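J.: below are the sequence and a predicted model for it; my questions follow.
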Amino acid sequence: MASRVDKARAAFTKVYEENLWGLDQQPPQLDLLQRVATLIGDTVRKYRIASVAEFGCGFWNYAKLVDWSGVTYDGYDVSHHPIRFNSDAYGAPNIRFHQLLDGVQLAPADLLICKDVLQHLPTEDVLHYLAVFKGRFSYMLILNATFPDNNLNGPIEHGDFRALRLDLPPFDETVEVIDEWDNPLFGVPYHNQACLLRGTRSQPARETWVKKLVGRMGRT
């Protein structure tokens, strides 16, 4: 039986190879890309983030606008298409990309970014990944559409779409909405929210590193 990762890889690879979402037919949303990049940069600075992981990094259309100096970034995607492209175009000593396969685990980090991914996964997968995220990251910046809400938080197959509200059943997460905007596509009045969640990872890596360094200096 195919795993959730295998099912997601098959669905999203088909999306990329057959251009099922037709996003190349839309004009570039430069203002929105910059808005998301600014939101990420502000979050990194506010919470003194030293390490970032992104679940579903795609083709890095907004992340390339972020200043990643002084930050380690690991991007994950189930499809090999964006991983190969991003590695060639943007790979650097502090910027790495990984195909998410069975057995590959997200590296723990101060911040997780997950944009427009969970809204395309079945509910049981969303519940699974939220549990993983909370154990591996101090903060989670999760962006999804919350409208149209005709199937809000409802059942879907891998690669389909429904709007998500993580603060409502069956998820019931404590979220802080830090930004929201309208994003009409193909005549559909989508509304998006950027939510900050807090995980159980005790403290950002930068603070842990400093404490260890101070401790070593005190013993010399």
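T.: Alright, I've got the coordinates.
J.: what's the average pLDDT for the longest strand that the chain contains?
T.: Counting by DSSP state E, the longest strand found in the chain is strand 137-147. Mean pLDDT, strand 137-147: 97.
J.: buried stuff in that strand?
T.: 137-147 (16 or more other C-beta atoms under 10 Å). For every residue, glycine as well, the C-beta is placed using N, CA and C.
J.: list the strands paired with it, with their directions.
T.: In the sheet, strand 137-147 lines up against strand 109-115 (parallel), strand 191-198 (antiparallel) (DSSP bridges).
J.: report the distance from the shortest one to the chain centre.
T.: Going by C-alpha atoms, centre = their mean, to the nearest Å, the spacing between the C-alpha centre of strand 109-115 and its chain's C-alpha centre is 6 Å.
J.: tell me where the protein has helices.
T.: Secondary structure of the chain (DSSP state H): helices located at 4-18, 30-46, 80-90, 123-136, 205-219.
J.: the second one vs strand 137-147, what angle?
T.: By that I understand helix 30-46. Put simply, helix 30-46 runs at 150 degrees to strand 137-147, going by axes from the mean of the first three to the mean of the last three C-alpha atoms, to 10 degrees.
J.: just the shortest one next, same as before
T.: Here helix 80-90 runs at 120 degrees with respect to strand 137-147, directions being taken by the same axes, to 10 degrees.
J.: so what secondary structure elements neighbour helix 80-90?
T.: helix 4-18, strand 72-77, strand 95-99 (3 or more C-beta pairs under 8 Å, 6 or more residues apart in numbering; DSSP states H and E).
J.: let me know the average pLDDT across it.
T.: Averaging pLDDT along helix 80-90 yields 95.
J.: and that helix, what's buried?
T.: Applying 16+ other C-beta under 10 Å to helix 80-90 flags 81-83, 86-87, 90 as buried.
J.: how far does that helix sit from its chain's centre?
T.: 16 Å.
J.: residues touching that helix, excluding its own?
T.: 13, 16-17, 57-60, 64, 75, 77, 96-99 (C-beta atoms under 8 Å, 6 or more residues apart in numbering).
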